[in-house]
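[1] The sequence and its predicted three-dimensional model are supplied below.
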Amino acid sequence: MDVITRRRFLAASGVAVAGGVAAYSLRDILATAGDRDPAARTLVLVTLYGGNDGINTVIPYADPAYAAARPALAYDAGQVLRLDDAFGLNPAMTGLHQLYQDGKLAVVRGVGYPKPDRSHFRSMDIWQTGRPDRPENTGWLGRWLDAAGGDPRLAVSFEPVLPPLLAGARSAGATVPGGSVRLPKNVTTAQLTALGAAAPGETATRARAAACFGDLTRIQDLMYDVTEQDDDQDTATGTGGASQSLDSQLALVAKCVEAGAATRVYSVSLGGFDLHADEKQAQESQLAKLDKPLAAFAGRMAAHEVVVAVYSEFGRRVRANASDGTDHGTASNVLLLGAGIKGGLYGEPPSLTDLDQGDLKYTTDFRDVYATLLADVLGSDPARTLDGWTGRSEEVWA
Amino acid sequence: MTDRRVISHVLRRLTPGPTATEIDAGVSAGLEATVDRVLAPVPPPALPALGADPLTSARTKEERQEARRQVAEQVADATWWWIGRLAGTGSSAAEKLTFFWHGHWATSVQKVRSAGLMLSQQQIFRRYGTGATGPLVRAMLRDPALIIWLDGQRNTRKAPNENLAREVMELFTLGVGHYTEDDVKAAAKVLTGWQVDRAAGTARLVAARHDPAAVTLLGTTGVFGVDEFADMLVRHPAHVPFLASRVRARYGSAPDLETAGNNVTAMLRALALDASFPADAGNLGKQPIEWVVGAVRQLDVPLDKARKPALAALRALGQVPFRPPSVGGWPAGEAWLTTAAAQARLRSGQALAALAPAAVQSLSETKGERLDALARLLAVDAWTDRTAAVLKPVAAKPQQLLALALATPEYTVH
């Protein structure tokens, strides 16, 4: 069936902007402190753009079919960070391995959807809309936001462009562009403030161009303190993902959570997982960029009711390709950690030999995972957001 | 004499950033003559010699790594060649139209992995993109880069792949809602069997992989070839309105573009001459390519020096040629007006102004009001009091003045 494309998603978020949603500053988010039920949980959704190779993330090292399918890419029993007699984590994931040993990391295996689509954009759209069966121009958390009253500050992204998953039908989440503001030395805050003023009679487009300078000054005076050590200018990748490092995005989330902001959903992302060639070193480096910030974030959030979910648009083909990489695949792992999560391995691991055109057959529908996050983290009715979906992954809760 | 504002507006939209001299010439020649000159056909250029495709001969792992490095270099050279051509031939609308089609049939070298195939695709836009869309769609359905990009090679009788068939209808010719899922399946069958020869840079139909079965496609049943499919698409009632909507998003709005039919040059002429078009000024955010190439042209930055700052600006602003973010192309309109982009324009403005001694010199020699000379140089109609108040204090430092002016709201939209 057709699914929405990224272009239409951008159009959807454009509609939201046209409807009067301006860029928010961190101050706007922090100002909501005190407006929330202290027991309410917060969801932090981590999107890995590009299709992370799930098989080399949660590694079925004991299955002979694994090494046979990817001779140059496989890790052996001595290399993986052991989870049990059959599975181990990628060697780059030391922080998450410690969390697993502490009983705090849940791995749901074989998560996917029917009739898998191997296009980055389509598959990401399916994950972000939560509707694999028909075209949809709202994101799953955007629909939750609609139902939750539509205040953009309830669902925040620190990416420069609103991710489709936060676009609802009547409302949209807030983007809080962060990062270190780097300006030429001879440009002053006074100049930016002056350029940010509206001029009489100018077009809405030009007024928007001017308003960017006003937004910039608001960010500037707020962001130095949280990002001054963050000079890591990760470049954007062709298959998406924030240009700001995951570390600095999570630092902003932590700051908001600690301040008691009313925000219930944060979207953060990391790009660069589309490794069709020479994958092994590159994926380790990517996974380290996920592991270290996430483990540190989990530690910092230990006393807060925060649940983190990590997913990618698809996993990779079981068999390595001729370039020591892997091509687009299907089902993969979802990682869950934080408040109330019971560590362990969940979901039936997909067979490495009984395949669908060379790809894993999914064993858990991704909507089961979404439903449990909607119900148990956001306290909402999943059926309302997920078109009547009734499956749940309740087993992950302690 | 024609109103300078009208000529400026038309040239800002049709070309990649007009110079003051070009606007002067347009004012003397009049609107219609200027539009005809700007839209006049330009023979396609000889493509730069990049060398053979390094990936086709690499065998070992080391060779492949080296080949990938060489491909990256070729892509960088091809990208810069194109930007140089946009700047060098910018008194014509031709290369901006090539860029329009690139964003429309958005194909990324990230998957195609060949500078040569990307340049060949671009030549199709130059050869067929100025006339009726029939020959363009026919040529694009055989284009090796597009076939690789949308998995046409994997679309076979045994294992159909619907990627190309769907996007051709959804994003390139008709728009969503004007075809069914059954049409997608049928179109995929019609398109089965095309294989790309990377070394030769060609695509051919392999009979054994092609499904010759009769299909029902967009309401007609029969055995169709790729050309018949292309013709069906451009004759479809949804095609012209779809094309007009894409022209409006990139070039601007006028009510009756559809009467021009399936010919983008005719649409652009209708747009430029429409009495309501001047009132559209200021309603579009400049695309990064327009901002960068326009600045290079207006500041007369020598091309050999512009490469590094121009490419850095395009990367920071998010529009690198040959690397659209997805098959949907780059966003349009206000998506370019972000705080991140404002920062990038401030930084890139400094870098470009530092390479523009001629423009700095001419500004420093202005006799009259320096901000007026600045507006003329940058093809800005007028500064608002708001912006003039910011520019005036730095007017004595022409380089700093230029740099700041490139980031102003007046220069950022057109």
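    Nice, thanks for sending it over.
[2] Tell me which residue of chain B lies closest to chain A.
    residue B:328 (2.6 Å; Cβ to the nearest Cβ). To be clear about C-beta, it is placed using only N, CA and C from the backbone, and glycine gets the same treatment.
[3] Domain-wise, how is the chain divided?
    Assuming you mean chain A. A:6-179+A:231-396, A:182-229 (automatic domain parsing).
[4] that answer is for a different chain, and I need it for chain B
    Split by automatic domain parsing, chain B gives B:4-40+B:238-280, B:288-412.
[5] got the end-to-end distance for the last one?
    Put plainly, it is domain B:288-412. Across domain B:288-412, the terminal residues are separated by 9 Å (Cα to Cα, to the nearest Å).
[6] Tell me, how many residues neighbour the residue of chain B closest to chain A?
    Under the neighbour criterion other Cβ atoms under 10 Å in any protein chain shown, residue B:328 is assigned a count of 20.
[7] again, but for residue A:260
    15.
[8] Could you check how far it is from chain B?
    26 Å (Cβ to the nearest Cβ, to the nearest Å).
[9] now that residue: how far from residue A:35?
    Between residue A:260 and residue A:35 the distance, using Cβ to Cβ, to the nearest Å, works out to 9 Å.
[10] do the same with residue A:206
    Following Cβ to Cβ, the distance that separates residue A:206 from residue A:35 is 35 Å.
[11] okay, the two: which has more neighbours?
    Legend: neighbour count by other Cβ under 10 Å for residue A:206 and residue A:35, higher for residue A:206 (25 against 13).
[12] A strand includes the more buried one, no?
    No. If the criterion is DSSP: H, G, I helix; E, B strand; the rest coil, then residue A:206 is helix and not within a strand.
[13] so who does it touch?
    Neighbour list for residue A:206: A:199, B:282, B:409-410, B:412-413 [criterion: Cβ atoms under 8 Å, 6 or more residues apart in numbering or on different chains].
[14] switch the cut-off to 6 Å
    B:282, B:409, B:413 (Cβ atoms under 6 Å, 6 or more residues apart in numbering or on different chains).
[15] did I read that right, the residue of chain B closest to chain A in a strand?
    No. Going by three-state DSSP, the assignment for residue B:328 is coil, not a strand.
[16] Tell me where the stretch 201-350 of chain B has strands.
    Per DSSP state E, counting those that start in this stretch, the stretch 201-350 of chain B carries strands over the ranges B:202-205, B:215-217, B:220-222.
[17] wait, which of the ones you listed is closest to residue B:127?
    Of all the strands of the stretch 201-350 of chain B, strand B:202-205 sits nearest to residue B:127, with 15.7 Å by Cβ to Cβ.
[18] coming back round to it: confidence-wise, which of the domains of chain B is weakest overall?
    Per-stretch mean pLDDT for the domains of chain B is lowest at domain B:288-412 (a mean of 93).
[19] how about stretch B:236-248, does it reach chain A?
    No. On the criterion Cβ under 6 Å from any Cβ of the partner chain, stretch B:236-248 is out of touch with chain A, staying 11.1 Å away.
[20] Give me the neighbour count for residue B:213.
    Neighbours of residue B:213 using other Cβ under 10 Å come to 11.
[21] same thing with the one 3 residues further on?
    Per other Cβ under 10 Å, the neighbour tally for residue B:216 reads 13.
[22] Give me the distance between the residue lying closest to it once chain neighbours are set aside and residue B:165.
    Leaving aside its chain neighbours, residue B:216 sits nearest to residue B:186 (6.1 Å; criterion: Cβ to Cβ, 6 or more residues apart in numbering or on different chains). As judged by Cβ to Cβ, residue B:186 and residue B:165 stand 8 Å apart.
[23] buried ones in stretch B:203-211?
    B:203, B:209-211 (16 or more other Cβ atoms under 10 Å in any protein chain shown).
[24] ok, of the residues you listed, which one's closest to residue A:290?
    Nearest to residue A:290 among the buried residues of stretch B:203-211, with distances taken as Cβ to Cβ, is residue B:203, at 39.1 Å.
[25] wait, doesn't that closest one sit right on residue B:143?
    No. Counting by Cβ atoms under 6 Å, residue B:203 does not reach residue B:143; the two are 7.0 Å apart.
[26] the helices in chain A, which residues?
    For chain A, the helices defined by DSSP state H cover A:6-18, A:26-30, A:64-69, A:94-101, A:120-129, A:140-147, A:189-195, A:204-227, A:246-258, A:279-300, A:366-376, A:382-385.
[27] Out of those helices, flag the one nearest residue B:150.
    For the helices of chain A, distance to residue B:150 was read as Cβ to Cβ. The smallest value, 11.2 Å, belongs to helix A:120-129.
[28] residue ranges with poor pLDDT in the stretch 251-398 of chain A?
    A:322 (pLDDT under 70).
[29] Kindly report the residues of the stretch 201-350 of chain B close to chain A.
    Contacts of the stretch 201-350 of chain B with chain A, taken as Cβ under 6 Å from any Cβ, map to B:282-283, B:285, B:326, B:328, B:331, B:334, B:337-340, B:342, B:346-347, B:350.
[30] Going through these, which ones are buried?
    Buried, going by 16+ other Cβ under 10 Å: B:282, B:285, B:326, B:328, B:331, B:334, B:337-340, B:342, B:346-347, B:350, out of those.
[31] quick revisit: for residue A:335, which of the domains of chain B is the nearest?
    When those are compared by Cβ to Cβ, domain B:288-412 sits nearest residue A:335, at 25.8 Å.
[32] Can you get me a residue count around the closest residue to residue B:150 other than its chain neighbours?
    Leaving aside its sequence neighbours, residue B:150 sits nearest to residue B:164 (Cβ to Cβ, 6+ apart; 3.9 Å). Residue B:164 has 25 neighbours, counted by other Cβ under 10 Å.
[33] Pull the contacting residues for residue B:164.
    B:150, B:152, B:191.
[34] again, only using 10 Å
    Counting by Cβ atoms under 10 Å, 6 or more residues apart in numbering or on different chains, residue B:164 touches B:140-141, B:146-147, B:149-155, B:172, B:187-188, B:191, B:194, B:327.
[35] mean confidence score for the helix or strand where it lies?
    Using DSSP states H and E, the element containing residue B:164 is helix B:163-167. For helix B:163-167, mean pLDDT rounds to 89.
[36] what would the helices of chain A look like in JSON lines with distance to residue B:236?
    Below are these laid out as JSON lines (distance: least, Cβ to Cβ, whole Å):
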{"stretch": "helix A:6-18", "distance to residue B:236": "20"}
{"stretch": "helix A:26-30", "distance to residue B:236": "47"}
{"stretch": "helix A:64-69", "distance to residue B:236": "45"}
{"stretch": "helix A:94-101", "distance to residue B:236": "52"}
{"stretch": "helix A:120-129", "distance to residue B:236": "23"}
{"stretch": "helix A:140-147", "distance to residue B:236": "32"}
{"stretch": "helix A:189-195", "distance to residue B:236": "46"}
{"stretch": "helix A:204-227", "distance to residue B:236": "32"}
{"stretch": "helix A:246-258", "distance to residue B:236": "44"}
{"stretch": "helix A:279-300", "distance to residue B:236": "43"}
{"stretch": "helix A:366-376", "distance to residue B:236": "36"}
{"stretch": "helix A:382-385", "distance to residue B:236": "36"}
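[37] and the longest helix for chain B?
    Longest helix in chain B, counting by DSSP H: helix B:61-88.
[38] Quick check: next helix or strand after it?
    Using DSSP H and E, the helix or strand that follows helix B:61-88 towards the C-terminus is helix B:94-104.
[39] Pull the helix or strand following that next one out as CSV, backbone CA atoms only.
    Counting by DSSP H and E, the next helix or strand C-terminal to helix B:94-104 is helix B:109-112. Presented in CSV, the C-alpha positions along helix B:109-112 are these (Å, rounded to 0.1, in the frame of the first residue of the first chain):
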residue,chain,number,x,y,z
VAL,B,109,24.4,10.7,-6.1
GLN,B,110,24.5,9.0,-2.7
LYS,B,111,22.8,6.0,-4.2
VAL,B,112,23.7,6.5,-7.9
